[in-house]
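In: Please find the sequence and the predicted model below.
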2 protein chains.
Amino acid sequence: MFNCLKEEELIAARLFELSKQTMPKFERCTGISQSRLEILRELFEAEEITQRELQKKVNIDHAAVTRHLKQLEEKGMVIRRKNPEDNRFTYVSLTEEGKAKIAAYCEEKHRFISKILNGFSENERSTLLNLLTRIQENVDKM
Amino acid sequence: MFNCLKEEELIAARLFELSKQTMPKFERCTGISQSRLEILRELFEAEEITQRELQKKVNIDHAAVTRHLKQLEEKGMVIRRKNPEDNRFTYVSLTEEGKAKIAAYCEEKHRFISKILNGFSENERSTLLNLLTRIQENVDKM
DNA sequence: TATCAATCATTGACCCATCAATTATAAGGC
DNA sequence: GCCTTATAATTGATGGGTCAATGATTGATA
């Protein structure tokens, strides 16, 4: 009746199901959430970066970024300081301790992803990446 | 250094990004969350079903199911009654009002999904579905 | 120069998910 | 017939996300 069994619907269902199942498993396996690890990785690559810039890169809400950083600061992984030229901006950077910890997280993440894509050929991987990228483009347009 | 630029990592990043962006857009476009709509669709197909069975089908936590149903009940879309043979179980079913509303939601969902998969050929869709299914199988094994 | 608009960061209110603990009921072994 | 065990549902604590409102600072302008 609702015509919900078409292939399109199945794809959407898979995508949804996949993220629903994968997110919590990722956290259990790696010991950190995907968003938080993404933040740390951006910080690692940027050396020092504005909170605003960071927010644009990881693409989650301002508020969520603020809260992540606050917790990371409490854990001693991150330092924040105001831009002396313009007090509205705050720069964020990793502490040495923070940098040291990231390696292990990335290692776990890497292992996790390999398991998920187990059995995929080179060809299949690039096909998949291509298809996902096109979906992403469609979503961006909305 | 952390070897995070491999294709595998890009695929994982896309998948994550996709779900992060799609979920909120889905809700804005359709007026309902994916999980809640999934619950309603299961109820529609099952006529009457145990909360436990429903939980297994939609594959979210018990607690979340309870809370969804409570809200759906308050909105008059759902009715719950205890199994007289075994009071531990509670049956859930849609009200007439609930049934009436689902059609519109599914319509919106359908439109949304079509936009997301815009430009995909029949072939590409089945390839994608196949690849996603294989990822799902890998995730299930973990 | 005093004010208004723009920008960044923070906070509060809310939604949805998880896990762990609790409650209620049923069933089985002694 | 009681006590342990198992199962369903609920509740509480916590984490992560959104949006909307607020604060703080800066820059432009009348």
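Out: Here it is on my side, so go on.
In: any idea how far stretch A:46-58 is from the chain center?
Out: Centroid separation for stretch A:46-58 versus its chain: 13 Å, with CA atoms, centre = their mean, to the nearest Å.
In: Same check on stretch A:125-142?
Out: Distance, centroid of stretch A:125-142 to centroid of chain: 17 Å (CA atoms, centre = their mean).
In: Which parts of that stretch count as buried, going by neighbours?
Out: A:125, A:127-129, A:131-132, A:134-136, A:138-139 (16 or more other CB atoms under 10 Å in any protein chain shown). (Glycine included, C-beta is placed from N, CA and C.)
In: Looking at it now, give me its mean pLDDT.
Out: Across stretch A:125-142, the average pLDDT comes to 92.
In: what sits up against that stretch?
Out: Contact partners of stretch A:125-142, identified using CB atoms under 8 Å, 6 or more residues apart in numbering or on different chains, comprise A:117, A:120, B:7-8, B:10-11, B:14-15, B:17-18, B:21-22, B:25, B:29, B:115-120, B:124, B:127-128, B:131.
In: Let's see that with 7 Å instead.
Out: The contact list for stretch A:125-142, computed with CB atoms under 7 Å, 6 or more residues apart in numbering or on different chains, reads A:117, B:7-8, B:10-11, B:14-15, B:17-18, B:21-22, B:25, B:115-119, B:124, B:127-128, B:131.
In: In three-state terms, label A:Arg81 for me.
Out: With DSSP: H, G, I helix; E, B strand; the rest coil as the basis, A:Arg81 sits in strand.
In: helix/strand/coil for the closest residue to it other than its chain neighbours?
Out: Leaving aside its chain neighbours, A:Arg81 sits nearest to A:Tyr91 (5.4 Å; criterion: CB to CB, 6 or more residues apart in numbering or on different chains). Following three-state DSSP, A:Tyr91 is assigned to strand.
In: who touches A:Tyr91 in this structure?
Out: Residues in contact with A:Tyr91 (CB under 7 Å, 6+ apart) are A:48-50, A:80-81, A:83.
In: In strands, which of the buried residues of stretch A:125-142 appear?
Out: Using DSSP state E, no member of these falls in strands.
In: I'd like those residues as JSON lines, with distance to A:Ala63 appended.
Out: Shown next, in JSON lines, are the buried residues of stretch A:125-142 (distance: CB to CB, whole Å):
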{"residue": "A:Arg125", "distance to A:Ala63": "35"}
{"residue": "A:Thr127", "distance to A:Ala63": "37"}
{"residue": "A:Leu128", "distance to A:Ala63": "33"}
{"residue": "A:Leu129", "distance to A:Ala63": "31"}
{"residue": "A:Leu131", "distance to A:Ala63": "32"}
{"residue": "A:Leu132", "distance to A:Ala63": "28"}
{"residue": "A:Arg134", "distance to A:Ala63": "31"}
{"residue": "A:Ile135", "distance to A:Ala63": "27"}
{"residue": "A:Gln136", "distance to A:Ala63": "24"}
{"residue": "A:Asn138", "distance to A:Ala63": "27"}
{"residue": "A:Val139", "distance to A:Ala63": "22"}
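In: now, which of these sits nearest A:Val58?
Out: Proximity of these to A:Val58 (CB to CB) peaks at A:Gln136, which lies at 15.4 Å.
In: any idea how far B:Arg88 is from that closest one?
Out: Separation of A:Gln136 from B:Arg88 (CB to CB, to the nearest Å): 45 Å.
In: May I see the ChimeraX selection of the buried members of the contacts of A:Tyr91?
Out: This is how ChimeraX selects the buried members of those, with burial counted by 16+ other CB under 10 Å:
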select /A:49,50
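In: Enumerate the strands of chain A by residue range, in sequence order.
Out: For chain A, applying DSSP E gives strands covering A:48-50, A:78-82, A:90-94.
In: Need the mean per-residue confidence for the first one.
Out: The pLDDT scores in strand A:48-50 average 93.
In: Pull up the pairing partners for it, direction included.
Out: Partners of strand A:48-50 in the sheet, by DSSP bridges, are strand A:90-94 (antiparallel).
In: The closest residue to A:Glu42 other than its chain neighbours: how many residues sit nearby?
Out: Computed as CB to CB, 6+ apart, the closest residue to A:Glu42 that is not its neighbour in sequence is A:Lys57, at 5.0 Å. Counted by other CB atoms under 10 Å in any protein chain shown, the residues lying close to A:Lys57 total 17.
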